[in-house]
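Peer 1: How does the following fold in three dimensions:
(chains A and B, ligands or ions: 2)
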Amino acid sequence: MKLTLKIWRQASKTAKGSFETYQLNDLHPEMSVPEMLDVLNEQLILSDKEPVAFDSDCREGICGQCGFVINGDVHSPEKGVTTCQTHLRSFKDGDTLVIEPFRAKAFPIKKDLCIDRRAFDRIIMAGGYISVNTGQAPEANSTRISHELAEEAFDSASCIGCGACVATCKNASAALFTGAKISHLAMLPQGSIEAGKRVKSMVAQMDKEGFGSCTMTKACEAVCPQGISVANIVRMNKEYWKA
Amino acid sequence: MINPKIPDGPLDKKWEWYIAKARLINPANRRKYKAIVVGTGLAGSAISASLAELGFQCEVFTYHESPRRAHSVAAQGGINAAKGYKNDGDSVWRMFYDTLKGGDFRSREANVFRMAECSMALIDQAVAQGVPFAREYGGYLSNRSFGGVQVSRTFYARGQTGQQLLQGAYQALMRQVALKQVQLNTSHEMMDLILENGKAKGIIARNLETGELSIHHADTVILATGGYGKIYYLSTLAMNCNGSAIWRAHRKGAYFAAPSWTQFHPTSLPQLGNHQSKLTLMSESLRNDGRIWVPQKAHDTRAPHEIPEDERDYYLERKYPSYGNLAPRDISSRAAKEQIDAGKGVGPMKNAVYLDFQTSIQRDGKETIQKRYGNLFDMYEKITGVNAYTSPMLISPSAHFSMGGLWVDYELQSSIPGLFVLGEANFADHGANRLGANSLLQACVDGYFIAPHTIMNYLAGEQPKQQVPNDFGQEELKLTEERIGRLMKIQGNKTAEQFHRELGGILTNKCGLAREKSVMKEGLQAIKDLQQEFYKYLKIPGSTKQLNMELEKAARVEDYLELAQLIFHDALQREESCGAHFRVEHQTPGGEAKRDDLNFQFVSAWEYAEGNFKLHKEDLHFEFIQPQERTYA
Ligand SMILES: Cc1cc2nc3c(=O)[nH]c(=O)nc-3n(C[C@H](O)[C@H](O)[C@H](O)COP(=O)(O)OP(=O)(O)OC[C@H]3O[C@@H](n4cnc5c(N)ncnc54)[C@H](O)[C@@H]3O)c2cc1C
Ligand code: FES
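Peer 2: Ligands and ions are numbered 1, 2, ... in the order given. Below is the predicted model:
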């Protein structure tokens, strides 16, 4: 199949970027989007041009390293899928794909489609953990946790930290990311003791990083590849007022 | 003969006594010592957090943008522990036995026993960190079975066990970063190891965003850099997984053990096209309920549902009735290859076998199956566009896990003093074949429970260095700069990716699931030719002082080309079959691996010598269990 690609090119963090157009002819529907860019890059390199810098690692939707906006869709035109799991069969022969990086003040562009998401690490650093040292743990079955609660905690904990929620939000809010971690830890008995301190400090860090505020449009939930629910944001707010 | 420094005493007391006798450093003095940790997967994050909690300073490196992206994140199925919650006869001793046998009696008894022994505390630790393992309705932890065992000792968090464990370790690490006990360098790749008086004392790192090279000094260096199965190009590993950190250490004197022992996972998705960059794994847990089959007739073109029961061959159930679809990985992968080679492969490229859930859906209902594997079925559909509730999955063996790695002794110390190697990067516990769900465990216990003691024991004999000499690392820095310059200057007409793809093709065909002397000799020559071509025709665009992913790849492929040669040497030298290492010349009449304990009951540990690797042997002594023929029939 054939596709026309309009890709955001930006040499460095401070350089001015613009779209460039490329034509690819020999594509196959079973290829993934990163594999399509591999083909493009090989052609660019061999014709003495700079390849497109883009991030991807696991290519199976779990590491959170990939992610672009394609024709206005964050990650993918398919629902609940990362960019690396989007295959060309999601597009039609002859389509034009406009590909650009996730955009948010807190995620500066490093080069082309690569962005810096370390703000997320700093939010976790601010309290996204249970304070337990190696060796302190009691026997695992000594605290029973109901099946339902374990499943609910898993749902919140399944975030892959890709940043799609921020990229799709008109305020570039990180409420879903932060809320998911806060909920995961607060709902478990092991994590509830520190819940108050945790929520205050993580929310403060989120604001400090320059993420916007949440106005509950639920756009984030719609693009999250793990289907994380906005109920996590509600829970974060509740924990915050409690604290 | 090399000495693994196994402590004296009965098997179940060795570790306890080691800890009791290990040297300690008083808490106030610990902060004077610094450790460099390379890698933030389970092993790296766990050791960094644990050392920092003890009061040591740590400087941590990962080429990833965030520690949370390490490839441990991709592990799906689960983690083993001998908790014995099921009353099904499990114990540390049984886990020890299963692992030793699973590894085809090519691992060290003392190490394997210790891993099983530490497994219980690991589950406790993970739960305390908030890892949401699956629970039963009564609130207790749930278990399932993995290949190669007859008990249920696998703990899991849906199909994302690695991700959840890594979250726990990553969060513990970030807590120490916040406390300023750990200095974290993300987007930094280790380029070389620095020795001082023969001891590991530092590394050269390259900032991947700016291209800047820097020198880092410490009192010990810990490599937790993961597996190198990506050398086969098509594998279940992430695109950036590589063997360079351990290869660079190997070039500096660290012995490389069993480099050719790579596990091929039986349930990955088959290759579907020529541009494919990786193969996605479908968790082995699916084999609990899925049945593997091929058509009895070769070149059968009928759709699966058109093939009646009596014309199907459920070959694993037939050949290994007591383990059936849960036969260990090496055996299952080889059996699949046998069927595919016999013309019974299915799917568009005839390179796959069926994994069928019809029987279990009929028995337990779709809902139950959905509950157990829902996300795996979704993933399958996302990738292939096929609904596996109605038609069987297509699966195929794929390069997956490196049993081989840097040789380490009982203390996880390599042959270079002060260089410790943890997790998949070392050769220690899995012998010639790793059992499913044992490697998350190994990475975790290495990091949380073993290395903190052995590293403290080592550091207690070292004077912490406060003053670093001016010329420290300058030589290595210069050599790294020159190396990068050399690669950049070639300016040929082939990309690093193209070389990697070719390299992977050669390895898969000539040193993959089945290995034969004459074929391997061809393979070795092909790699040497490819290496020469690499130095003539490599093309790297851009410059060195910027984000340049092609340069990163090229440096890794350069190391792979050397490592590949060692892989061939190792596989050629071992004139026996064991575990994943199947020499066509050495098989039983039934086509199973035939070990030669008389001549090969040792670990091959290779010393680097430019173009001429030197073999050292670590004899394996079995005091507690006598090696037997490994049957799963
Ligand atoms: C798809 C898949 C599924 C799996 N499922 C299971 C399972 O269900 N159960 C199980 O027990 N095991 C499973 N495994 C195996 C298991 O996940 C790995 O063996 C284990 O996670 C390895 O952990 P690690 O800490 O050693 O390495 P990794 O998690 O791979 O971490 C390596 C780290 O080293 C860093 N690094 C590497 N080189 C450099 C360098 N030169 N400079 C700087 N940083 C560097 C990387 O950035 C990364 O942080 C699976 C593996 C795969 C691929
Ligand atoms: S590359 Fe890992 S999630 Fe897409």
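
Peer 1: which ones are touching A:C214?
Peer 2: Contacts for A:C214 were tallied using Cβ atoms under 8 Å, 6 or more residues apart in numbering or on different chains; they are A:169, A:171, A:173, A:175, A:233. Using the backbone N, CA and C atoms, a C-beta is placed for each residue, glycine as well.

Peer 1: hmm, 10 Å instead?
Peer 2: A:165, A:169, A:171, A:173-176, A:178-179, A:206, A:220, A:230, A:233, A:236-237 (Cβ atoms under 10 Å, 6 or more residues apart in numbering or on different chains).

Peer 1: And stretch B:87-101, what's buried?
Peer 2: B:90, B:92-101 (16 or more other Cβ atoms under 10 Å in any protein chain shown).

Peer 1: Take the residues you listed and keep only those in helices.
Peer 2: Those of the buried residues of stretch B:87-101 mapping onto helices are B:92-101, per DSSP state H.

Peer 1: circling back: taking the contacts of A:C214, please make a PyMOL selection of just the buried ones.
Peer 2: Remark: buried members of the contacts of A:C214, expressed as a PyMOL selection using 16+ other Cβ under 10 Å:
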select buried, chain A and resi 165+169+173+174+175+176+178+179+206+220+230+233+236+237
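
Peer 1: Now the nearest residue to B:F622 once chain neighbours are set aside: phi and psi?
Peer 2: Leaving out its chain neighbours, the residue that sits closest to B:F622 by Cβ to Cβ, 6 or more residues apart in numbering or on different chains is B:E109, at 6.2 Å. Phi and psi for B:E109, reported as degrees, to the nearest 10, are phi -50, psi -50.

Peer 1: Please tell me how far B:E109 sits from B:R251.
Peer 2: According to Cβ to Cβ, to the nearest Å, B:E109 and B:R251 sit 31 Å apart.

Peer 1: Who has more neighbours out of those two?
Peer 2: B:E109 (19 against 16; other Cβ atoms under 10 Å in any protein chain shown).

Peer 1: Pull the contacting residues for that one.
Peer 2: B:6, B:11, B:14, B:96, B:100, B:620-625.

Peer 1: if we can go back for a sec, go back to the buried residues of stretch B:87-101 and keep what's next to ligand 2.
Peer 2: Contacts with ligand 2 are made by none of the buried residues of stretch B:87-101, judged by Cβ under 6 Å from any ligand atom.

Peer 1: for these, which one is nearest ligand 1?
Peer 2: B:T99 (11.7 Å; Cβ to the nearest ligand atom).

Peer 1: Identify the residue spatially nearest to the closest one, adjacent ones excluded.
Peer 2: Closest residue to B:T99 in three dimensions, ignoring its sequence neighbours and counting by Cβ to Cβ, 6+ apart: B:V112, at 5.0 Å.

Peer 1: hey, where'd the helices end up in chain A?
Peer 2: Secondary structure of chain A (DSSP H): helices at A:33-46, A:118-125, A:147-157, A:164-168, A:175-187, A:189-192, A:195-208, A:219-223, A:231-242.

Peer 1: out of those, which comes closest to B:I36?
Peer 2: helix A:118-125 (19.7 Å; Cβ to Cβ).

Peer 1: And for residue 2, the neighbour number?
Peer 2: If you meant another chain, say so; for now it's chain A. Neighbours of A:K2 (other Cβ under 10 Å): 11.

Peer 1: should've been chain B
Peer 2: 17.

Peer 1: what's near enough to touch it?
Peer 2: B:I2 neighbours (Cβ under 10 Å, 6+ apart): B:255, B:257, B:407, B:409, B:415, B:602-603, B:605, B:607, B:616-619.

Peer 1: how about it, secondary structure?
Peer 2: coil (DSSP: H, G, I helix; E, B strand; the rest coil).

Peer 1: what's the nearest residue to the residue nearest to the spatial centre of chain A if we skip its chain neighbours?
Peer 2: With distances taken as Cα atoms, centre = their mean, A:C162 lies nearest the centre of chain A, 1.8 Å away. What sits nearest to A:C162 in space, not counting adjacent residues and going by Cβ to Cβ, 6+ apart, is A:G64, at 4.0 Å.

Peer 1: what residues are up against that neighbour?
Peer 2: Applying Cβ under 10 Å, 6+ apart, the residues contacting A:G64 are A:55, A:57-58, A:82, A:117, A:120, A:159-164, A:225-226, B:65-66, B:68-69, B:73, B:163.

Peer 1: about what we covered before: and the helices of chain A: which comes nearest B:L422?
Peer 2: Using Cβ to Cβ, those put helix A:118-125 closest to B:L422, at 22.1 Å.

Peer 1: burial of A:E239, as a residue count?
Peer 2: Using other Cβ under 10 Å, the number of residues around A:E239 comes to 23.

Peer 1: ok, the closest residue to it other than its chain neighbours - how many residues close by?
Peer 2: Excluding its sequence neighbours, the residue lying closest to A:E239 (Cβ to Cβ, 6+ apart) is A:V199, at 4.4 Å. A:V199 has 27 neighbours, counted by other Cβ under 10 Å.

Peer 1: do B:I361 as well
Peer 2: 17.

Peer 1: Tell me if it really is in a helix.
Peer 2: Yes: B:I361 forms part of a helix when assessed by three-state DSSP.

Peer 1: Which pLDDT value goes with the residue in the stretch 251-400 of chain B that ligand 1 sits nearest to?
Peer 2: Using Cβ to the nearest ligand atom, the closest approach of the stretch 251-400 of chain B to ligand 1 is made by B:L281 at 4.0 Å. If you check B:L281, the pLDDT there is 90.

Peer 1: Indicate whether the host helix or strand of B:L173 makes contact with chain A.
Peer 2: Following DSSP states H and E, one finds B:L173 within helix B:161-178. Yes: with Cβ under 10 Å from any Cβ of the partner chain as the criterion, chain A is reached by helix B:161-178 at B:162-164, B:166-168, B:170-178.

Peer 1: Run a quick check on B:M190 versus B:A224, I expect a contact.
Peer 2: No: in this structure, B:M190 is not within contact of B:A224 by Cβ atoms under 10 Å, at 11.1 Å.

Peer 1: And stretch B:578-597, how far out from the chain middle?
Peer 2: 22 Å (Cα atoms, centre = their mean, to the nearest Å).

Peer 1: And the residue of chain A positioned farthest from its centre, how close does it get to B:L141?
Peer 2: Centroid-distance maximum for chain A: A:S142 at 35.0 Å, with Cα atoms, centre = their mean. Applying Cβ to Cβ, the value for A:S142 to B:L141 is 11 Å.
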